[in-house]
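1. Output the structure for:
(chains A and B)
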Amino acid sequence: MVQIKRIQEDGLDIIVPIGEVDASSSIELDLVIAKSVGEGYTKILVDCTALEYISSAGLGVFMSYIEEFKDKHIRMVLFGMNERVANTFEILGLNELLTIAGDKAQAKQLVA
Amino acid sequence: MKSVYKVGCSIENLRGIRDFIRNALKPYGVRELDISEMVLAMDEMCSNLMIHAHHCNPDDLFELSVRVDKNLGVVFEIIDDKSVFDINAFEEPALDHIVHEKRKGGLGIRLVKAIMDHVEYEHQKGKTVCRLTKKVQFN
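-> Numbering: from 1, shown residues only, chains lettered A, B, ... in the order given. Down below sits the predicted model:
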């Protein structure tokens, strides 16, 4: 189960998933990202500090936006992952395909 | 000692499966990161089974067990009466293909194969047993 907040800050849209993203809840993450894109945000941060777990369904959501973001010049940076969540991205090498920062300050620099 | 969990095929039950595995492995001094990887692999196996073999019917039940063997490592068994898709026979799509096609699926089996050491299938009395093993260190 996941709760997802959105915070707008300095022209950035910050998406904050809280809890666990799995096959039953990844649709919510997808809808929130689609909404952010639909509202015209071109700089999106994903605050993962309260993300406790992510399965392939959640990873797939991020992967599915890579091409679209490239085409639309949208930048997305994920930050604040705990060790277990970071490891999930690293197992498949997705940390090479997505932009991942340690903290919010670094994420803001990368998206600027 | 073997822990057994019977679960209905609703994807809402995946959280319960993850909790079951964490609780079953906690007493054995398995590294936190190893536990989280095995939880992830079994979440993928169970969600695949629920979605593709049982179409998320909550009345369909399967059995998941966890056994810790100091020599073999951690042994999981999924016992189901449906014919279970053999992941060893599946060739995962390349990552760049998944990105190009904007696909959301195709990563789960890749995770299972990356995490678990061995996956085998056995047929017993009309049931399919899928056995997954991983060698881990015990503290």
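2. Count the residues that sit near residue B:62.
-> Residue B:62 has 23 neighbours, counted by other Cβ atoms under 10 Å in any protein chain shown. Where you see a C-beta, it was placed from the backbone N, CA and C, and this is true even at glycine.
3. and it, what does it touch?
-> By Cβ atoms under 8 Å, 6 or more residues apart in numbering or on different chains, residue B:62 lies in contact with B:6-7, B:9, B:46, B:49, B:54, B:78-81.
4. so it, which of the three states?
-> What DSSP: H, G, I helix; E, B strand; the rest coil gives for residue B:62 is strand.
5. For it, name its beta-bridge partners.
-> Per DSSP bridges, the residues bridged to residue B:62 are residue B:7.
6. For residue A:57, I want the exact helix or strand it lies within.
-> Using DSSP states H and E, the element containing residue A:57 is helix A:56-64.
7. what's that helix in contact with?
-> For helix A:56-64, using Cβ under 8 Å, 6+ apart, the contacting residues are A:21-23, A:25-26, A:29-30, A:33, A:46, A:76, A:78, A:88-89, A:92, A:94, A:97-98, B:44, B:47, B:98-99, B:102-108, B:110-111.
8. The residue nearest the centre of chain A: helix or strand, and which one exactly?
-> Per Cα atoms, centre = their mean, the C-alpha nearest to the average position across chain A is that of residue A:46, at 3.8 Å. Element membership for residue A:46 (DSSP H and E) is strand A:43-47.
9. now for that strand, which elements pack on it?
-> Secondary-structure packing of strand A:43-47 (3 or more Cβ pairs under 8 Å, 6 or more residues apart in numbering or on different chains; DSSP states H and E): strand A:12-21, helix A:26-38, strand A:75-79, helix A:104-111.
10. Now that strand: average pLDDT?
-> Across strand A:43-47, the average pLDDT comes to 98.
11. list the buried ones in it?
-> By 16 or more other Cβ atoms under 10 Å in any protein chain shown, the buried positions in strand A:43-47 come out as A:43-47.
12. what's next to the next helix or strand after it, contact-wise?
-> Next helix or strand after strand A:43-47 toward the C-terminus (DSSP H and E): strand A:51-54. Residues from elsewhere that reach strand A:51-54, judged by Cβ under 8 Å, 6+ apart: A:17-22, A:81-82, A:84-85, A:88, B:18, B:36, B:39-40.
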